[in-house]
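Student: predicted coordinates and the sequence they were generated for:
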Amino acid sequence: MCRSGVLTALCGVGVGALLLAGCPGPQPDTESPSAGAGAKGEPAPAAGGKIVLGSYMCNTGPFATFGQSSTKAMEMAVEELNAKGGVLGKPIELIVEDDQCKPEEAANAAQKLIQQDNVLCVLGEVASSNSLAAAPICQDAQTPMVTPSSTNPAVTQTGDYIFRICFTDDFQGVVMSKYAVEELKAKTAVVFSDVASDYSKGLSKVFRETFTAAGGEILGEESYNQSDRDFRAQLTKFKGLSPDVVYVPGYYGEVALILSQARQLGLKAVFLGGDGFDSPKLVEIAGKAAEGALFSNHYSKDDPNPVVQQFVASFQAKYNEAPDALAACAYDAVRIVAQAIETAGVEDRTALRDALAGITDFDGVTGKITIDENRNARKSATILTIKGGKQTFVKTMAPE
Amino acid sequence: MWAHYLPRLVLYVAIGSVLVGLDVGLPRLLNAYLVQILVFVACNIVLATSLNLINGIAGQFSIGHAGFMAIGAYATAWLSTTHGQRLLAPYEGQRLEPLLIVAYLVVLMFLGGLAAALGGLLIGLPSLRLRGDYLAIATLGFGEIIRVLLLNLEPVGGATGLRGIPQYSSLFLVLVAAVVTVAALHNLGNSVHGRSLLAIREDETAAEALGIDCAHYKTSAFVIGAFFAGVAGCLYAHYTQFIHPRSFDFMKSIELVLIVVLGGGNLRSVILAAVAITLLPEGLRLVKGALHLPFDPRMAIYSALLIAAMLVRRERVLQAVLPGRKGGGLRE
């Protein structure tokens, strides 16, 4: 009987833990038991004088650095809000769940936050595919979900409880093509996109459309695959076309290699990209080859705006590292939710939804944020360049 | 004659009434979170027991099972989003609707299973020439091909994933599917077919000498295993309402192999292992909540428990991985 014993024990651990988890959460003074509390539209009960928010993030897995910096920023925002007396006179508690960057884990984490922890609002995720997995669950349970940094347009199309406080992929493509045409006076471009990423494909599509509409010409298009290491074949082809600009909306890992190899081949064009460029690793890997590359981003830590400077200073002091754009978005997300709870005046999921929909000109780290009728954020984008091995603020591009 | 079938009939009725009881009782007892975990448990039982047919019983080491699941999930989800919803729309709100949805889903499960079985046939054919590590790599390649194809297939969402799948499946249906799968695979394992697969696992040459058509049986193991994986994919997609290629990656296949290895190839143990492996990460969320650690110890504890389990169950595991090694002695 020993052979099934171990498995039974393993099952026992799992079942036992789940049964315990089935009890009404860790706070001793929580009221109604959570079992069966999933009925639609039921307001989140007051959890013992605390306002409970939940976040699901990829704190482990392929985008772990993004998830972790977002989590840090959210925790910092909660601490700051609590130091000022919380919201509605109650302290905020943030429950953080890891989803290993797997869609099914994101779905589990969201269910757990809503059903077990009775959170008032769910925050997450970085990767759009994980947000898309959790969105129908939040929508069905009529719990507001605010994604700080999922840029795929489909996320908020899931339903009227799903909000986004970053700009969409489309906007980044528009901004960059506008900048290329108006500021760089570019006439010709090539597009180099990552086929494995919806983010990259989305940005490329919009850039192509708006650049052509503004009178520019797309000379060619090539693609690569995440984790490719040699891009010389495609870059040699680009060199033959000699475009004014090369649009590479990829992530920093591949982009850094693309930049170095392009310089080795003597490709002279200006490289443009999106917020995937935003990592110190880009300059670390590409070195001098990264000089002059331009990209759109959610914010710049060099922005003289005092809101930005205070955020950067606090983050640096607390975690001893510079906050990336995803941290800035996550920080804004928590503060927007807090403001919406104040506006709603009650701890009620539906009231919070209405308050979130009405957010106008919120003065965030990532710019002035207004939630539009599609529950997306209307806000400005920042153009940055790499100069002297550092990200340097170039320009703020307003929406429309 | 009737007396012979009576115990079995009683068993079926008992299982049926337990399932109906669960269907009525569970949603009242459990919240959506626990129901969802149980759905994933049942899906993993279907997946693991079907992989057990290929890996455990037939001894063909396959690490591409998530690929079959993906075929079933994507094929049926695409059908539902493009045609199925429209087909069922006129009946919305009518009393017949729940019944129609069940009927539709049953048809869909078969279609998803068939699509995956076709994939199983494709991978079963090269398995006739490959053995051991080589076969494992071929199946791994197959799983990755499926994933990359889906990642680039725009009609099913590509890298964005496929969203807006109607939630037709329920805990009850998934449990029924799990019971049917386990019953079918149990009976198969005890049939001439299953014995032939066991013979192939133990010694292919000897099996051939006994007149067993090895090529036929090996391919059939892949086809049947893939069929059930496709069914699981269909149920999974119609529960989560959103699927993404990342859910069917190499790590999912490895998780299933892990369950089979942990279960030691024995059907009952495989089911237990599937339950344990699915519940553990969720159960461990509580450990994190209770300990208030500055980091998330979930995956560390999960991995440590796996290592411990493997150490304790080494004998069984070796038997499953190395056919012919029974009773501890190395076969010369």
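Tutor: Perfect, I can see it now.
Student: B:I57 is in contact with B:L198, correct?
Tutor: Yes: using CB atoms under 8 Å, B:L198 is in contact with B:I57, at 6.1 Å. C-beta here means a position set from N, CA and C on the backbone, and glycine is covered the same way.
Student: and B:R195, how many neighbours?
Tutor: 14 (other CB atoms under 10 Å in any protein chain shown).
Student: which residues touch it?
Tutor: Taking CB atoms under 8 Å, 6 or more residues apart in numbering or on different chains, we find B:R195 in contact with no residue.
Student: try it again with 10 Å
Tutor: Neighbour list for B:R195: B:I57, B:G189, B:A207, B:I212 [criterion: CB atoms under 10 Å, 6 or more residues apart in numbering or on different chains].
Student: any idea how far chain A is from the last one?
Tutor: Just to be clear, that refers to B:I212. Here B:I212 is placed at a distance of 29 Å from chain A (CB to the nearest CB, to the nearest Å).
Student: in chain B, which ranges drop under the pLDDT threshold?
Tutor: Along chain B, segments meeting pLDDT under 70 span B:1-2, B:27, B:293-295, B:314-332.
Student: centroid-nearest residue for it?
Tutor: B:L47 (0.6 Å; CA atoms, centre = their mean).
Student: residues contacting that one?
Tutor: Contacts of B:L47 by CB under 10 Å, 6+ apart are B:65-66, B:68-69, B:178, B:181, B:225, B:228-229, B:231-233, B:236, B:252-253, B:255-256, B:259-260, B:274.
Student: from those residues, which land in helices?
Tutor: Secondary structure from DSSP state H places B:65-66, B:68-69, B:178, B:181, B:225, B:228-229, B:231-233, B:236, B:252-253, B:255-256, B:259-260, B:274 of the contacts of B:L47 in helices.
Student: which parts of the stretch 101-250 of chain B are helices?
Tutor: B:132-152, B:171-190, B:192-202, B:204-209, B:214-240, B:250-263 (DSSP state H, counting those that start in this stretch).
Student: likewise for chain A?
Tutor: A:2-22, A:64-83, A:103-115, A:128-140, A:169-182, A:198-213, A:232-241, A:252-265, A:280-286, A:306-319, A:325-344, A:349-357.
Student: can I get those in CSV including distance to B:M109?
Tutor: Listed next are the helices of chain A as CSV, based on distance: least, CB to CB, whole Å:
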stretch, distance to B:M109
helix A:2-22, 27
helix A:64-83, 35
helix A:103-115, 19
helix A:128-140, 21
helix A:169-182, 35
helix A:198-213, 29
helix A:232-241, 43
helix A:252-265, 40
helix A:280-286, 46
helix A:306-319, 49
helix A:325-344, 40
helix A:349-357, 35
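Student: now those helices as JSON lines including distance to chain B?
Tutor: JSON lines is the format used below for the helices of chain A (distance: least, CB to the nearest CB, whole Å):
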{"stretch": "helix A:2-22", "distance to chain B": "3"}
{"stretch": "helix A:64-83", "distance to chain B": "10"}
{"stretch": "helix A:103-115", "distance to chain B": "4"}
{"stretch": "helix A:128-140", "distance to chain B": "4"}
{"stretch": "helix A:169-182", "distance to chain B": "10"}
{"stretch": "helix A:198-213", "distance to chain B": "4"}
{"stretch": "helix A:232-241", "distance to chain B": "17"}
{"stretch": "helix A:252-265", "distance to chain B": "15"}
{"stretch": "helix A:280-286", "distance to chain B": "22"}
{"stretch": "helix A:306-319", "distance to chain B": "12"}
{"stretch": "helix A:325-344", "distance to chain B": "17"}
{"stretch": "helix A:349-357", "distance to chain B": "15"}
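Student: worst mean pLDDT among these?
Tutor: Note on the helices of chain A: lowest mean pLDDT is at helix A:2-22, with a mean of 58.
Student: circling back: tell me, which of the ones in helices among the contacts of B:L47 make contact with chain A?
Tutor: Restricting the ones in helices among the contacts of B:L47 to those touching chain A (CB under 10 Å from any CB of the partner chain) yields B:Y236, B:K252, B:A274.
Student: does the last one really touch B:L38, like I thought?
Tutor: No: between B:A274 and B:L38 there is no contact under CB atoms under 10 Å: 12.0 Å.
Student: now the residue nearest to the centre of chain B: which helix or strand?
Tutor: Counting by DSSP states H and E, the element that carries B:L47 is helix B:32-52.
Student: any idea how far that helix is from the chain center?
Tutor: The chain centre lies 8 Å from the centre of helix B:32-52; the measure is CA atoms, centre = their mean, to the nearest Å.
Student: and if you look at stretch B:4-13?
Tutor: For stretch B:4-13, the distance to the chain centre is 27 Å (CA atoms, centre = their mean).
Student: please save the CA atoms from it in PDB.
Tutor: What follows is stretch B:4-13, C-alpha atoms only, in PDB (Å, rounded to 0.1, in the frame of the first residue of the first chain):
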ATOM      1  CA  HIS B   4     -23.600 -11.400 -14.800                       C
ATOM      2  CA  TYR B   5     -24.300  -7.900 -15.800                       C
ATOM      3  CA  LEU B   6     -26.000  -6.800 -12.600                       C
ATOM      4  CA  PRO B   7     -23.000  -5.700 -10.600                       C
ATOM      5  CA  ARG B   8     -21.700  -3.700 -13.500                       C
ATOM      6  CA  LEU B   9     -25.200  -2.100 -14.000                       C
ATOM      7  CA  VAL B  10     -25.300  -1.200 -10.300                       C
ATOM      8  CA  LEU B  11     -21.900   0.400 -10.600                       C
ATOM      9  CA  TYR B  12     -22.900   2.500 -13.600                       C
ATOM     10  CA  VAL B  13     -26.100   3.600 -11.900                       C
END
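Student: contacts only, for residue 121.
Tutor: Just so you know, I chose chain A. A:44, A:51-55, A:113-114, A:138, A:143-146, A:161, A:163, A:333-334, A:337-338, A:340-341, A:349, A:352-353, A:356.
Student: I was after chain B.
Tutor: Applying CB under 10 Å, 6+ apart, we find B:L121 in contact with B:T219, B:S220, B:F222, B:V223, B:A226.
Student: burial measure for the second one, as a count.
Tutor: Translated: B:S220. 20.
Student: go ahead and confirm it touches B:L197.
Tutor: Yes: counting by CB under 10 Å, B:L197 is a contact partner of B:S220 at 8.3 Å.
Student: anything in contact with each of these two?
Tutor: Common contacts of B:S220 and B:L197, defined by CB under 10 Å, 6+ apart, comprise B:L53, B:A58, B:L188.
Student: from what I can see the last one touches B:I224, true?
Tutor: So that's B:L188. Yes: B:L188 is within contact range of B:I224, at 7.1 Å (criterion: CB under 10 Å).
Student: neighbour count for the two, which is higher?
Tutor: B:I224 (23 against 17).
Student: how about the more buried one: what's its closest non-neighbour residue?
Tutor: Excluding the flanking residues, the one nearest B:I224 by CB to CB, 6 or more residues apart in numbering or on different chains is B:L53, at 6.0 Å.
Student: ok, now B:Q167?
Tutor: B:Q241 (5.3 Å).
Student: neighbours around that neighbour, how many?
Tutor: Counted with other CB under 10 Å, the neighbours of B:Q241 add up to 24.
Student: just checking, it touches B:R163?
Tutor: Yes: assessed by CB under 10 Å, B:Q241 is found in contact with B:R163 at 7.1 Å.
Student: list the residues that contact both of those two?
Tutor: Counting by CB under 10 Å, 6+ apart, the residues touching both B:Q241 and B:R163 are A:L132, A:A133, A:A135, A:P136, A:T158, B:A77.
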